[in-house]
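Engineer: quick check, what structure comes out for this input:
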Amino acid sequence: MPYLKHESGEATELRNSQILGDDSPLEFDEDGYAFVDDPDVAKKLLAMHRHIERGGHGPDGETGTLPFNPEEHTNDEIAERVAEIDDEATLIALRNLEEDQKDRDGAKNAIDSRLDELEE
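Structural biologist: Modelled structure (predicted):
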């Protein structure tokens with residue numbers, strides 16, 4: 001079973017209903033460990049953590065930046081562009097940036113659809 005270790009090494013909670021759904025918050029034990037039943041959920045939480053560490057900007061290979069800024073594109077343009085992205089962490093970062101900026105359902109749905117495709 002995969003686990004996550006909180007950098008504090010202490011008991012704490014991780015609140016993230018976007019990834020954890022009804023399992024939010026995730027409880028870390030007194031040694032800073034939390035066990036996650038689903039390896040995909042664990043990977044998404046790590047991707048989210050990396051996104052937050054970068055100040056809300058996700059990874060893109062060597063540059064460390066996102067391939068585009070969702071705020072500068074229509075929902076249809078976002079759907080076209082994310083169809084070419086195969087990196088889950090980049091998609092999660094784009095979704096979070098969209099949520100922080102304009103929070104458009106159409107844009108978030110396009111990104112979520114691409115994430116679903118990658119999981120299949």
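Engineer: Three-state assignment for the residue sitting furthest away from the middle of the chain, please.
Structural biologist: Farthest-out residue of the chain from its mean C-alpha position, per Cα atoms, centre = their mean: residue 30, at 25.7 Å. Three-state assignment for residue 30 (DSSP: H, G, I helix; E, B strand; the rest coil): coil.
Engineer: doesn't residue 9 make contact with it?
Structural biologist: No. If you go by Cβ atoms under 8 Å, residue 30 and residue 9 don't touch, sitting 9.2 Å apart. Where C-beta positions appear, they are placed from N, C-alpha and C, glycine not excepted.
Engineer: what about the residue farthest from the centre of the chain, distance to residue 88?
Structural biologist: 31 Å (Cβ to Cβ, to the nearest Å).
Engineer: could you find the closest non-adjacent residue to the residue farthest from the centre of the chain?
Structural biologist: Nearest in space to residue 30, with sequence neighbours left out and distances taken as Cβ to Cβ, 6 or more residues apart in numbering, is residue 11 at 4.6 Å.
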